[in-house]
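1. For reference, the sequence and a predicted model appear below.
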Amino acid sequence: MTRPPAVFLDRDGTIIRDRHYLSDPRHVELLDGAAASLARLRAAGYRLVIVTNQSGIARGLVTEREYEAVQARLGALLAAAGVTIDGTYMCPHHPDVGGACSCRKPAPTLFARAARELGLDLARSTLIGDRWRDIAAATTLGAAGILVPGPDTPPDEIATARRDATVAATLGAAVDLVLAR
């Protein structure tokens, strides 16, 4: 049996508005077109996996309970649009608090773990995010990477993505690229 491909998505700034250390589920807001874009991927047979750094937990700005409540709200908003997420993988660490870890993006650890646990084909998968760290592991994993710049994306990261990956103006445009592969 062939393993399915996945699209690994960053959460904040890619699927939902980046509120910087989001702890209140009432503030979860899907970005325009996000649910429809994810529905297109799901309809095409892609598994959907969120991989997110949540350093606010290490910094004491967000509790794990608050993180889970935000995730539940995101899940409910997507479910209302007919979209389910196959898995969510989160790094709660920050190198300034407790030292380095092996799971914080840009490390490939969480992507590889998701692929192993969910039986995914990394060679046919794509990483999408609004920061270079969200897609940098694509080359190591043998996957594709697409940067969708947002207001917080530094210009040097856009230049790096233009050179070493792909840049799309919106999540919808990134999905167009994935579906054209």
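-> Looks like it came in fine. Numbers count the residues shown, from 1 in each chain.
2. tell me the mean pLDDT over stretch 133-145?
-> Computed over stretch 133-145, the mean pLDDT rounds to 97.
3. From the rest of the structure, what touches it?
-> 8, 10, 14, 51, 53, 105-108, 111-112, 115, 122-123, 125-129, 146-147, 161, 164-166, 178, 181 (C-beta atoms under 8 Å, 6 or more residues apart in numbering). Every residue, glycine included, has its C-beta placed from N, CA and C.
4. ChimeraX command for the buried members of these?
-> A single ChimeraX command suffices to select whichever of the contacts of stretch 133-145 are buried according to 16 or more other C-beta atoms under 10 Å:
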select :8,10,14,51,53,105,106,107,108,111,112,115,122,125,126,127,128,129,146,147,161,165,166,178
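5. from the contacts of stretch 133-145, which ones fall inside strands?
-> Residues of these located in strands (DSSP state E): 8, 51, 53, 126-129, 146-147, 166.
6. Tell me which two of these sit farthest apart.
-> Across the ones in strands among the contacts of stretch 133-145, the two members that end up farthest from each other (C-beta to C-beta) are N53 and T166, 21.3 Å apart.
7. Which stretches in this structure count as helices?
-> For the chain, the helices defined by DSSP state H occupy 34-43, 55-58, 64-80, 109-118, 132-135, 138-141, 155-164, 171-180.
8. Go through these and name the closest to H94.
-> Closest to H94 of those, according to C-beta to C-beta: helix 55-58, at 3.7 Å.
9. and that closest one, how far from the chain's centre?
-> Here helix 55-58 is found 17 Å from its chain centre; the criterion is C-alpha atoms, centre = their mean, to the nearest Å.
10. For it, name the packing helices and strands.
-> helix 64-80 (3 or more C-beta pairs under 8 Å, 6 or more residues apart in numbering; DSSP states H and E).
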